[in-house]
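[1] coords please:
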Amino acid sequence: MAYKDVYAAWQSNPEKFWMDAAQAISWDKAPTKALFDGNAPIYEWFSDGMVNTCYNAVDRHVENGRADQVAIIYDSPITGRQSKTTYAELKSRVEKVAGALVEKGVTKGDRVIIYMPMVTEALIAMLAVTRIGAVHSVVFGGFASNELAVRIDDAKPKAIIAASCGLEPGRVVAYKPLLDGAIDLSEHKPDFTLILQREEHIADLIDGRDFDWAEMEANAAPAACVPVEGNHPAYVLYTSGTTGQPKGVIRHTGGHLVALNWTMKNLYNVDPGDVFWAASDVGWVVGHSYITYGPLVHGNTTIVFEGKPVGTPDAGTFWRVISEHNVKSFFTAPTAFRAVKREDPKGEFVKKYDLSCLKQVYLAGERADPDTIVWAQDQLKVPVVDHWWQTETGFAIAANPIGIEELPIKLGSPSVPMPGFDVQILDEGGHPMPAGELGAIAIKLPLPPGTLPTLWNAEERFKSSYLNTFPGYYETGDAGYIDEDGYVYIMARTDDVINVAGHRLSTGGMEEVLASHPDVAECAVIGVTDQLKGQLPLGMVCLNAGTDRPDEEITAECVKLVREKIGPVAAFKLCVVVDRLPKTRSGKILRATMVSIADGKEYKMPATIDDPAILDEIKEALASLGY
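    Below you'll find the predicted structure:
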């Protein structure tokens, strides 16, 4: 079947489409139907089925002939260590860690916070929690104490599983003092913590509260899988909220398994046994969906990578991992490729490795500018697919479904909507916009299985955040358009569409132009307040390694380029060279923070910021332009 046939099959009978997809999952009790809509606009999927996530990700593969297949490859260029864990070994370790939790009183429905670096044990912890029907909430390792405390108070975990430290290039980050600080700050106190001691830093354990992972795992009796209802939460993942209070995105068990399993072949074009690598972190949604659950449920080999795209040791580390571990499908963020391209614009490192195993590359997390995609296509000689999704959706809203049919790639577009997503472009009044016109991107309800049904303990906030602006739709918060071929274009967050003298302009469109300049490695455009025009665009550009021309020359060319490509209507005159851009650890550029700095407004230091010192550099750059 071609993509349009598959999408039409979903449109004509969504119930049958998802019930068919559900047959690939091993149920303890099969669901009688897919969609439960009695509480609309809060929808649920497969609610009356009984199922276990860990059984589907681990046990069934051991039972069905994959016991000796490698499930997890751990590769740490920071420590130089590697390990491989088969499905049989994974089952043995997970059931023991699950047993340790059971012995300490963790039962179905209890929450467990996981605060771990990129090690195999992070996945073991997630699987152990789902094995016994508890609910995990992974918090990015190294998160500040006050941010971790907020999540402890919201999730109210019975236990916290942490490591003694995480590793960054050139430094060891001790996690235990951060964890202790968070527990001191939080009103809710966990019953106990389980600490994985890493040889780079051994943490001091508090008697009676902290327990050593290795001892507990060695001595625990194995725990069996506990079947849970299809609408039982597998996990809660906190995404930063605009109010500063994080939003706990819930993932229901049944729909999560069905949707992710469906995407592995149809979208990422891997078969069971193939090696799939998502270069992300378990603290992010990509780590949940495509380091842990998607690949393991589908019977793939997944990679846990403790390193960076550049600097561990060089801009060739991605290509080494792909070549060494026979990766077929690779998923990373555009920002990672921009970092590699900046260090190695001519692709000298690519030539050092045999990448014949690699069949396709996927980018998500930020808009993939056409320049980065063209560079990657030229270097890797495989399809480079931009696809678009959110923490809330858990998998791709729009993509190029190579496992169904490889569609033509249109630069600047994440291609077409996936089955389950009826994507529409709306004006401020909620009316559909004609093809090619910029508007708010919304998705007609119900959302498909695997997406958020609501927020943790915050149903009214769920409605006000996502459903109230356009009744009958989920508001994505993104702005863009759909062309006459049905391809979706994400141009900016709705907040990043700027109004220049009455003209609504996309900052993403301007970034695309700036990124096309041969000396520009990466860029961001923000809208700053202007007395006359309301807002003015301001561009910040980072230059390629080895660029030796004067900054003023390059910024003048950038201004000229935007005026040529977008026109004088953009009123683009402000452009400055910066060494780096402030980002979250997942690679999202912190545009709103930069706008607050430029406009002289109070702002809260974003919890997810990669390096707070960058903001001082941004302040200096803005001051040089008079902001």
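[2] so where's the stretch 151-300 of the chain uncertain?
    Within the stretch 151-300 of the chain, the ranges that satisfy pLDDT under 70 run 240-244.
[3] Just the strands from it, written as ranges.
    Per DSSP state E, counting those that start in this stretch, the stretch 151-300 of the chain carries strands over the ranges 159-163, 165-168, 171-174, 192-196, 210-212, 228-229, 233-239, 247-252, 275-278.
[4] now the ones you listed in TSV, with distance to residue 496 and mean neighbour count?
    C-beta coordinates here come from the backbone N, C-alpha and C atoms, glycine included. Shown next, in TSV, are those (distance: least, C-beta to C-beta, whole Å; neighbours: other C-beta atoms under 10 Å):
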stretch	distance to residue 496	mean neighbour count
strand 159-163	36	27
strand 165-168	30	22
strand 171-174	32	14
strand 192-196	40	23
strand 210-212	44	17
strand 228-229	40	22
strand 233-239	17	24
strand 247-252	20	24
strand 275-278	26	24
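[5] Number of residues surrounding the residue nearest to residue 326 when sequence neighbours are not counted?
    Once flanking residues are discounted, residue 326 sits nearest to residue 357: 4.6 Å by C-beta to C-beta, 6 or more residues apart in numbering. Residues near residue 357, counting by other C-beta atoms under 10 Å, number 15.
[6] before we move on, the earlier item: okay, the strands of the stretch 151-300 of the chain in CSV with distance to residue 318 next?
    Output for the strands of the stretch 151-300 of the chain, formatted as CSV (distance: least, C-beta to C-beta, whole Å):
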stretch, distance to residue 318
strand 159-163, 24
strand 165-168, 18
strand 171-174, 22
strand 192-196, 26
strand 210-212, 35
strand 228-229, 37
strand 233-239, 25
strand 247-252, 28
strand 275-278, 9
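[7] closest one to residue 202 among these?
    strand 165-168 (8.8 Å; C-beta to C-beta).
[8] Quick check: phi and psi on the nearest residue to residue 536 once chain neighbours are set aside?
    Nearest residue to residue 536 in three dimensions, chain neighbours excluded: residue 530, at 4.3 Å (C-beta to C-beta, 6+ apart). Note on residue 530: backbone dihedrals following degrees, to the nearest 10 are phi -130, psi 130.
[9] Let me know how buried residue 530 is, in neighbour terms.
    Using other C-beta under 10 Å, residue 530 has 15 other residues around it.
[10] Go through the strands of the stretch 151-300 of the chain and name the closest to residue 121.
    For residue 121, the closest of these is strand 192-196, at 5.2 Å, according to C-beta to C-beta.
[11] Neighbours of residue 170, how many?
    Counted with other C-beta under 10 Å, the neighbours of residue 170 add up to 8.
[12] What is the least confident helix or strand in this protein?
    strand 503-506 (a mean of 76; mean pLDDT, DSSP states H and E).
[13] what does stretch 494-511 contact?
    For stretch 494-511, contacts defined as C-beta atoms under 8 Å, 6 or more residues apart in numbering pick out 367, 369, 438, 440, 477-480, 490-492, 523-527, 532-537, 539, 562, 566, 569-572, 591-592.
[14] Now do the end-to-end distance for it.
    15 Å (C-alpha to C-alpha, to the nearest Å).
[15] Same check on stretch 523-542?
    End-to-end distance for stretch 523-542: 6 Å, by C-alpha to C-alpha.
[16] can you check stretch 101-118 too?
    Counting by C-alpha to C-alpha, you get 21 Å between the two ends of stretch 101-118.
[17] who's in contact with the closest residue to residue 454 other than its chain neighbours?
    Distances taken as C-beta to C-beta, 6+ apart put residue 462 closest to residue 454, at 4.5 Å, once the chain neighbours are dropped. Contact partners of residue 462, counting by C-beta under 8 Å, 6+ apart, are 42, 452, 454-455.
[18] same thing with residue 20?
    Applying C-beta under 8 Å, 6+ apart, no residues contact residue 20.
[19] and it, helix, strand or coil?
    Secondary structure, DSSP: H, G, I helix; E, B strand; the rest coil: residue 20 is helix.
[20] can you give me the offset of stretch 594-613 from its chain's centre?
    Its chain's C-alpha centre and that of stretch 594-613 lie 21 Å apart, by C-alpha atoms, centre = their mean, to the nearest Å.
[21] you'd agree residue 604 is in a strand?
    No. Counting by three-state DSSP, residue 604 falls outside a strand, being coil.
[22] Which pLDDT value belongs to it?
    Here the pLDDT value assigned to residue 604 is 83.
[23] Next, count neighbours for residue 82.
    As a burial measure, residue 82 scores 13 neighbours (other C-beta under 10 Å).
[24] same check, this time on residue 37
    Residues near residue 37, counting by other C-beta under 10 Å: 12.
[25] what's the closest non-adjacent residue to it?
    Of all residues not flanking residue 37 in the chain, residue 43 sits nearest, at 5.5 Å (C-beta to C-beta, 6+ apart).
[26] before we move on, what about residue 565?
    Leaving aside its sequence neighbours, residue 565 sits nearest to residue 513 (C-beta to C-beta, 6+ apart; 4.6 Å).
[27] Give me the domain ranges for this structure.
    The chain is divided into the following domains under automatic domain parsing: 80-226, 501-624.
[28] For residue 551, give its distance to residue 526.
    From residue 551 across to residue 526, the span is 19 Å (C-beta to C-beta, to the nearest Å).
[29] out of these two, which sits in the busier spot?
    A count of neighbours by other C-beta under 10 Å puts residue 526 above the other of residue 551 and residue 526, at 27 against 15.
[30] so that one is in which element?
    Taking DSSP states H and E as the criterion, residue 526 maps to strand 520-530.
[31] quick one: strands adjacent to that strand?
    Note on strand 520-530: by DSSP bridges, its sheet partners are strand 534-543 (antiparallel).
[32] Counting neighbours, which bits of the strand it pairs with end up buried?
    Using 16 or more other C-beta atoms under 10 Å as the test for burial, strand 534-543 gives 535-543.
[33] Can you give me the buried ones in the helix ranked longest in the chain?
    Assignment by DSSP state H gives helix 87-103 as the longest helix of the chain. Within helix 87-103, the residues that count as buried by 16+ other C-beta under 10 Å are 87-91, 93-102.
[34] out of the residues you listed, who's nearest residue 407?
    Lowest distance from residue 407 to those (C-beta to C-beta) belongs to residue 87, with 33.6 Å.
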